[in-house]
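Q: Pasted the sequence and its predicted model underneath.
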Amino acid sequence: RYLRTVIVTAAVYRGFNSELSLLLLTFRHRAGVSPYTSSFDLAETCVFAKQSPGPILCGSFEHSLFRSYGVNLPSSLTTLLPLALEFSSCPPVSVCGTGICFYTQSFSRLQPSVLPYSNFGPLRPGQPTPGSHPFEVSLCLNYRWLRNINRGVLTIDSSNIVNKEIPEEMSQKLRASYYFMSSLLGKYKHVEMYFPGGCTIGERPIDQTLKAYRALGAVVIEEGNRYIVEAEELKGAKIYLDMPSVGATINTMLAAVKAKGKTVIENVAKEPEIVNVATFLNNMGAKIKGAGTNVITITGVDYLHKSFHEVIPDRIEAGTYVIIGALLGENLTIKNLIPSHIESLTSKLIEAGVEMNISEDSITIEKRGKYKAVSIKTLPYPGFPTDLQQPLIPFLTQCHGISTVEETIWENRFQNVYDTNRMGANIIVKDNRIAKIKGVTKLTGKNVTATDLRGGASMLICGLIAEGITTIDNVKYILRGYDDICGKLSKVGAKIELI
């Protein structure tokens, strides 16, 4: 069992004429529950704690938490000033296989859907409201996050933002951290930041983003893995991306939205997240046309105002649960998704023999069946997503015949194969590009490692269908990309827990 964490929190009450400070030492024993899936999920089970000048929303849950420790907070207390937080090392996941999933499950809006919005704060004053995302960089830049837990709304307030270098330890934690570069460049015409991190699934250059900056008139100085980007003025330009990169497309949009004149970006990514980002920026006053097509046209504006925006469901999380349903589902319904966003996956599952009922915003797996081998090739959207290639491999081990997976996006995306074979699979990888999966093979529980986010999801699925207990180490990758995955799977019959 895992001692979730030890929290020291200062709550500050501001009355008419006085200020009351309460310091509590709170011990939370939460066995079998994720220590964190994001910083904001922690706020739902304990009082938020992290050094920050900004307030954190204090709702009914926080009041009841204090009462459980014998402290009654004044009803007028609405914010908490966070002080300190320490996480214990992330515990492994234990998965007991051969279970059956049933009933109904909904899921959240996570990366890659939410991540870009968390970095838009620097572009505009005021408070827009999207979803959830690790917020360390926002603390560094002094803008605030307020989350309404009950409504599932996140408010970003950048009224007091400052422009300063984003430290290397922050930028390396998440690939999406480089969206801050474009936001800060668009607002201040100057940004200093280190090379972004992310999963080690291959070379992940940012050359197309830097190419766009230069085309818009910025000077890019590279000092090792540190970048200084500045411009007297950003001016619209015609930019051709050498490949339809999602990150480069979003970054170019962010930098160009306040550039003078018209920017035309060709060979852009067409993913649903691109369309959603463009919609959000347009809601704030931007003038963007063509999102979802090969060419995006942006007419620069001087000012972006506050807005409200609804983030689309995470299609990769949705696809992962659909795959699990195909393997273990008995009348399992996955709700709150957009089926057209994962049509490349569902068409392959149907080709393999999966019986599913697809409605406007849900997919129901009627029953498990005998499946036949299929072949997939990862491609930019609307092709088969590279992020679902690894989660699909456990499914292919249970298909009769030889399935083929061709990876065309990343050169190091078969790291999960080693442990999958240890569990009993028969997979041969050639040139780190093509995998041949021979099925059906019986999988047996082992101690395995999550090498990256989607590879970790693959190992989790293997554990669900394996005989015996599978223990997954290094689960920080999984928890980063799948909100409360253990809780959601447990609710539909899976035997899974953090230990």
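A: Structure's in. What do you need? Numbering: from 1, shown residues only.
Q: any idea how far R368 lies from G290?
A: As for R368, its distance to G290 is 43 Å (criterion: Cβ to Cβ, to the nearest Å). No exception for glycine: its C-beta is placed from N, CA and C like everyone else's.
Q: what does F384 give?
A: Between F384 and G290 the computed distance is 24 Å (Cβ to Cβ).
Q: Please apply the same query to N421.
A: N421 sits at a distance of 45 Å from G290 (criterion: Cβ to Cβ).
Q: quick one: A212 from M253, how far?
A: 9 Å.
Q: same check, this time on Y477
A: Taking Cβ to Cβ as the measure, Y477 and M253 are separated by 28 Å.
Q: Ok, R368 next?
A: Noted for R368: a distance of 43 Å to M253, by Cβ to Cβ.
Q: Please identify which of these two sits among more neighbours.
A: With other Cβ atoms under 10 Å as the criterion, R368 and M253 differ in neighbour count, and M253 comes out ahead with 25 against 18.
Q: pretty sure I316 is touching T386, no?
A: No: I316 sits out of contact with T386 when judged by Cβ atoms under 8 Å, with a separation of 9.8 Å.
Q: So those two - more neighbours on which side?
A: The neighbour comparison of I316 against T386 (other Cβ under 10 Å) goes to I316, with 24 against 19.
Q: Am I right that the more buried one sits in a helix?
A: Yes: counting by DSSP: H, G, I helix; E, B strand; the rest coil, I316 falls inside a helix.
Q: contacting residues for the closest residue to A231 other than its chain neighbours?
A: Nearest-residue entry for A231: A218, 3.9 Å, with adjacent residues in sequence omitted and distances by Cβ to Cβ, 6 or more residues apart in numbering. Contacts for A218 (Cβ atoms under 8 Å, 6 or more residues apart in numbering) come out as L185, K189, V229, E230, A231, L234, A255.
Q: Which members of these define the maximum pairwise distance?
A: The widest separation within the contacts of A218, taken as Cβ to Cβ, falls between E230 and A255 and amounts to 12.2 Å.
Q: Which of those two has more residues huddled nearby?
A: Here E230 and A255 are compared on neighbour count by other Cβ under 10 Å; more neighbours surround A255, at 30 against 15.
Q: tell me the SS of the more buried one?
A: helix.
Q: got the contact list for the closest residue to it other than its chain neighbours?
A: Nearest in space to A255, with sequence neighbours left out and distances taken as Cβ to Cβ, 6+ apart, is S182 at 4.3 Å. Taking Cβ under 8 Å, 6+ apart as the contact definition, S182 lies against N119, T209, I250, N251, T252, M253, L254, A255.
Q: S182 and C486: what is the separation?
A: Distance of S182 to C486, given as Cβ to Cβ: 35 Å.
Q: How about K446?
A: The separation that K446 has from C486, given Cβ to Cβ, amounts to 19 Å.
Q: So for these two, which residue has more residues nearby?
A: More neighbours sit around C486 than around the other of K446 and C486, counting by other Cβ under 10 Å; the figures are 23 against 19.
Q: So the more buried one belongs to a helix, correct?
A: Yes: in this structure, C486 lies within a helix as judged by three-state DSSP.
Q: That one - nearest residue in space that isn't next to it in sequence?
A: Take C486 and drop its neighbours on the chain: the residue closest to it by Cβ to Cβ, 6+ apart is I496, 5.1 Å away.
Q: now swap in V191 and tell me
A: The shortest distance from V191 to any residue other than its chain neighbours is 4.0 Å, reached at L184 (Cβ to Cβ, 6+ apart).
Q: Was I right to think the one you found contacts H190?
A: Yes: in this structure, L184 sits in contact with H190. The criterion is Cβ under 8 Å, and the distance is 7.4 Å.
Q: Between those two, which is the more surrounded one?
A: For L184 versus H190, neighbours defined as other Cβ under 10 Å are more numerous around L184 (26 against 13).
Q: buried set for the helix or strand where M181 lies?
A: With elements delineated by DSSP states H and E, M181 resides in helix 179-188, which encompasses its position. Applying a neighbour-count criterion of 16 or more other Cβ atoms under 10 Å, the buried positions in helix 179-188 are Y179, F180, M181, S182, S183, L184, L185, G186, K187.
Q: related to what we said a few turns ago, now, which of the contacts of S182 sits nearest I472?
A: Compare each of the contacts of S182 with I472 using Cβ to Cβ and the shortest gap goes to N119, at 29.9 Å.
Q: Distance of N276 relative to S183?
A: Applying Cβ to Cβ, the value for N276 to S183 is 16 Å.
Q: re earlier: now the common contact residues for L184 and H190.
A: Taking Cβ under 8 Å, 6+ apart as the contact rule, L184 and H190 both touch N163.
Q: any idea how far D157 is from L254?
A: Distance of L254 to D157, computed by Cβ to Cβ: 19 Å.
Q: again with C462
A: Distance of C462 to D157, given as Cβ to Cβ: 43 Å.
Q: next one: L498
A: On the measure of Cβ to Cβ, L498 and D157 end up 33 Å apart.
Q: okay, those two: which has more neighbours?
A: The residue with more neighbours, out of L498 and D157 and counting by other Cβ under 10 Å, is L498; that gives 22 against 19.
Q: Kindly list the main-chain dihedrals of that one?
A: In this entry, L498 is assigned phi and psi values of phi -80, psi 130 (degrees, to the nearest 10).
Q: is it true that it touches D473?
A: No: in this structure, L498 is not within contact of D473 by Cβ under 8 Å, at 11.7 Å.
Q: Could you look up the next helix or strand downstream of the host helix or strand of V429?
A: Secondary structure assignment for V429, by DSSP H and E: strand 426-430. Heading C-terminal from strand 426-430, the first helix or strand you meet, by DSSP H and E, is strand 434-439.
Q: Direction included, what does that following strand pair against?
A: Sheet pairing for strand 434-439, assigned by DSSP bridges, gives strand 399-406 (antiparallel), strand 426-430 (antiparallel).
Q: Out of those strands, which one sits most buried?
A: Scoring the strands paired with strand 434-439 by mean neighbour count under mean count of other Cβ atoms under 10 Å gives strand 399-406 as the most buried, with a mean of 18.
Q: Which residues does that strand contact?
A: Contacts made with strand 399-406 from outside it, assessed by Cβ under 8 Å, 6+ apart, are listed as 352, 370-378, 389, 392-393, 396, 433-440.
Q: switch to 6 Å and redo it
A: Residues lying outside strand 399-406 but in contact with it, judged by Cβ atoms under 6 Å, 6 or more residues apart in numbering, are 352, 371-377, 389, 396, 434-440.
Q: cool, and stretch 375-394?
A: Stretch 375-394 is contacted from outside by 244, 270-271, 316, 319-320, 323, 344-345, 348, 404-409, 416, 454-455, 457-458, 461-462, using Cβ under 6 Å, 6+ apart.
Q: how about a cut-off of 7 Å?
A: 244, 269-271, 316, 319-320, 323, 344-345, 348, 403-410, 413, 416, 420, 437, 454-455, 457-458, 461-462, 465 (Cβ atoms under 7 Å, 6 or more residues apart in numbering).
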